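S.K.: Sequence isn't available, so here's the structure alone:
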């Protein structure tokens with residue numbers, strides 16, 4: 001099987017995004033709406049590897065979003081969360097590894113700023129996701145001497 005990079009428009013109109021692509025798209029959308037959004041990498045209760053989206057409210061209270069279906073789970077829905085554990089979270093700016101003794105979702109604290117619970121992993125700028133920022137100098141148009 002060969003890999004193919006698709007345009008956002010193609011993924012949205014055809015509905016062909018993988019679970020991972022859908023998690024990245026949803027996280028980007030929620031970030032665009034000003035939410036504190038993160039992609040979670042972990043496992044479902046079935047043991048299957050999975051990616052979903054976390055948004056944090058006041059006091060880092062977690063809210064989970066299932067990227068394919070759009071179903072949202074609040075802290076009150078803990079009994080029906082499909083997620084078992086989380087190993088890492090990331091967004092467009094930072095990457096954290098869970099270093100808590102118990103990585104099960106009900107017992108995990110999502111206070112990412114707490115270094116005893118989450119290890120901030122440095123990503124070299126050359127390896128950071130997304131295109132590198134290159135300043136572009138703009139100039140006024142130059143008149144064509146052949147046109148009058």
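M.R.: That came in fine, so what should we check first? It should be emphasised that the depicted structure is a prediction, and the values quoted were computed from it without experimental measurement. Residues are numbered from 1 along each chain as shown.
S.K.: Report pLDDT for the residue nearest in space to the middle of the chain.
M.R.: Centroid check for the chain by CA atoms, centre = their mean gives residue 39 as the closest residue, at 3.1 Å. On the pLDDT scale, residue 39 is placed at 97.
S.K.: buried ones in the host helix or strand of it?
M.R.: In this assignment (DSSP states H and E), residue 39 forms part of strand 37-44. Of all the residues in strand 37-44, those buried under the rule 16 or more other CB atoms under 10 Å are 37-43. Placement of C-beta: from N, CA and C, glycine included.
S.K.: what's the next secondary structure element after it?
M.R.: Of the helices and strands lying after strand 37-44 in sequence (DSSP H and E), the nearest is strand 49-56.
S.K.: wait, what's in contact with residue 47?
M.R.: Taking CB atoms under 8 Å, 6 or more residues apart in numbering, we find residue 47 in contact with residue 84.
S.K.: so how far is the longest helix seen in the chain off the chain centroid?
M.R.: In the chain, taking DSSP state H as the definition, the longest helix is helix 19-32. On the basis of CA atoms, centre = their mean, to the nearest Å, helix 19-32 sits 6 Å off its chain's mean C-alpha point.
S.K.: Tell me which residues of it come out buried.
M.R.: 21-27, 30-31.
S.K.: ditto for stretch 109-117
M.R.: 110, 112, 117.
S.K.: Looking at those residues, which are in helices?
M.R.: Per DSSP H, those never map to helices.
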